[in-house]
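1. Here is a sequence with its predicted model. Questions after.
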Amino acid sequence: IDPALGRLNYESMTQQALLEMVVSRMSEENQSIFKDENENFLDIIEWSGVVVNDDGNVEEIVWSAMTASKSKLVGQGKILMEWIPSTVQELWITDRGFDGELECAKLPSSLREVSLTNNRLIGSIALSDLPPVLEYFEAAWNRFSGTLNFSSIPLRLKHLDLAENILEGTIHLCYKQGSLETLGLDENRFSGTIRTEDLPMGLTTLCVERNALSGVFDFEKLPRSMLAVKNAGNMFNGSLSFERVPLRMTHILLSKNAFSGEICFSHLPSCVQHIDLDKNSLSGPLDLTDLPEQLIILRVAENSFSGSVNLTMLPQGLNELSANENRLSGTIDLTRLPETLVVLTLRENSFSGTLRFDALPKSLRALCVDHNSFHGDVDLSKLAGSIEQLTLDNNRFDGTLTMGDRPPHLVLIGIRNNNLRKRIVFAGKDRYAFRCGVK
């Protein structure tokens with residue numbers, strides 16, 4: 001069979017012949033699992049990852065790697081997608097590093113699920129040419145290029161993930177109907193704005209991180225079905241209003257943008273779990289007394305928030321609070337933190353006053369309050385056993401440093417550039433590995 005004939009001979013070919021064509025350009029090692037000891041292809045019913053129905057038709061192809069890979073394999077050969085049998089309903093070829101070209105118009109019309117993540121596939125993605133019954137299409141971490149036209153996306157498509165490609169142009173989801181629930185376009189080259197009022201009515205997750213998108217992002221016009229907005233690493237600007245955030249929202253990830261103005265968290269629904277506003281231009285007070293009840297992570301570092309903060313009324317399930325590099329001031333109370341807190345970082349602000357370390361949460365692993373203006377004694381004799389990192393450098397501590405038993409998981413204590421008078425080490429054979437400038 002001459003591949004140059006393309007699909008002229010496709011309809012007359014057996015399922016066996018079609019699959020042999022699909023793998024014919026793979027590396028010898030990859031082809032070997034489909035062959036016997038004489039280098040002849042096995043019957044497709046014996047092929048690994050191939051599901052054949054009672055009529056002898058191929059329904060599923062699952063040639064994904066056994067474990068997900070963080071790298072891209074080399075020398076795997078080429079997969080000829082155009083020869084996939086028309087009867088295939090599910091196609092899973094992930095983390096294999098195959099070369100090849102995808103032409104959406106040549107995909108089997110019966111396909112319902114396709115996952116091609118982490119290969120070296122090229123071509124453009126013509127959404128209008130995708131199979132009409134397709135519900136799941138994932139082709140992230142390949143080399144697809146060109147623009148996307150969302151005007152004729154398959155009506156049954158629920159999940160579309162094209163992250164980490166070379167796609168460009170604008171993102172205009174100009175239809176309200178359809179079934180789309182998850183849209184992943186991270187790490188491409190998209191530009192322009194996103195009109196939230198044009199997003200599909202049933203959309204739950206929007207992931208467009210690390211593109212070149214800009215303009216205002218209006219939370220008040222998001223679909224009421226929305227659960228997660230992940231827009232980090234773009235150039236979105238303007239103010240953020242959370243007054244009419246969808247009631248089921250759980251994730252708001254907007255770091256590394258240009259949002260400005262003040263923030264009010266009190267209008268957020270109680271189910272919000274993760275808020276990341278790092279590296280924007282937000283300002284004004286930082287009110288932490290009325291955060292969502294189910295909040296687990298709050299990151300507001302590298303903004304221009306000012307004034308004092310109250311750490312005594314944080315959500316009881318909070319795991320992480322990061323407010324580094326702002327203009328926050330006043331005193332802080334470390335004795336009434338949530339028992340679930342794992343990370344608290346407040347470095348590079350203008351906090352002052354004294355600190356107590358004897359009532360830290362038993363779950364706390366990292367406490368970073370360096371580069372502030374704290375003063376007084378430093379009593380570390382009752383540190384939480386879970387603590388791994390404690391940085392107190394570059395403050396104005398001027399009293400006595402008291403050290404107790406070395407916490408079992410401790411990696412580092414930093415106390416440099418203070419004015420402490422003396423050091424007292426009690427029990428423990430192991431000397432602390434800490435940065436210290438004690439006089």
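-> The structure has been received and is ready for your questions. Numbering: from 1, shown residues only.

2. Would you mind measuring from L18 to D393?
-> In this structure, L18 and D393 are 66 Å apart, going by CB to CB, to the nearest Å. To be clear about C-beta, it is placed using only N, CA and C from the backbone, and glycine gets the same treatment.

3. An error on my part: the question was meant for D276.
-> Counting by CB to CB - D276 and D393 are separated by 26 Å.

4. just E209 next, same as before
-> Taking CB to CB, one finds E209 at 32 Å from D393.

5. likewise E28?
-> 58 Å.

6. Those two: which is more packed in?
-> Set side by side, E28 and D393 give different neighbour counts by other CB atoms under 10 Å, the larger being at D393 (20 against 9).

7. residues contacting the more buried one?
-> By CB atoms under 8 Å, 6 or more residues apart in numbering, D393 lies in contact with 370-371, 414-418, 435.

8. That one in helix, strand or coil?
-> Following DSSP: H, G, I helix; E, B strand; the rest coil, we place D393 in the coil state.

9. and F190, which of the three is it?
-> strand.

10. That one - how many residues pack around it?
-> Neighbour count for F190, taken as other CB under 10 Å: 21.

11. cool, and G75?
-> For G75, using other CB under 10 Å, the count is 9.

12. Give the closest residue to it in space, chain neighbours not counted.
-> S27 (6.0 Å; CB to CB, 6 or more residues apart in numbering).

13. repeat for K382
-> In space, K382 is closest to D358, 4.2 Å off (CB to CB, 6+ apart).

14. ok, which stretches of this structure are helices?
-> Assigned by DSSP state H, the chain shows helices spanning 15-23, 28-32.

15. Now render the ones you listed as JSON lines, adding distance to L364.
-> Output for these, formatted as JSON lines (distance: least, CB to CB, whole Å):
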{"stretch": "helix 15-23", "distance to L364": "53"}
{"stretch": "helix 28-32", "distance to L364": "49"}
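
16. wait, which of the ones you listed is closest to T196?
-> helix 15-23 (41.2 Å; CB to CB).

17. what's in contact with that closest one?
-> Taking CB under 8 Å, 6+ apart as the rule, helix 15-23 contacts 1, 3, 10, 13, 30-31, 34, 41, 43-44, 47, 50, 52, 56-58, 79-81, 83-85, 87.

18. let's go with 6 Å and repeat that
-> With CB atoms under 6 Å, 6 or more residues apart in numbering as the contact definition, helix 15-23 has outside contacts at 31, 41, 44, 58, 80, 83-85.

19. How about stretch 122-133?
-> 101-102, 104-105, 107, 109, 111-112, 143-144, 146, 152-154, 156.

20. Which strand residues bridge the residue lying closest to V378 once chain neighbours are set aside?
-> Leaving aside its chain neighbours, V378 sits nearest to L401 (4.8 Å; criterion: CB to CB, 6+ apart). Here L401 sits in beta bridges with V378, R423, going by DSSP bridges.

21. how many neighbours does L401 have?
-> 22.

22. Next one: it from N419, what distance?
-> Taken as CB to CB, the span from L401 to N419 is 11 Å.

23. Could you pull out the strands in the stretch 251-400 of the chain for me?
-> Secondary structure of the stretch 251-400 of the chain by DSSP state E, counting those that start in this stretch: the strands cover 251-253, 258-261, 274-276, 281-285, 297-299, 304-307, 320-322, 327-330, 343-345, 350-353, 366-368, 373-380, 389-391, 396-403.
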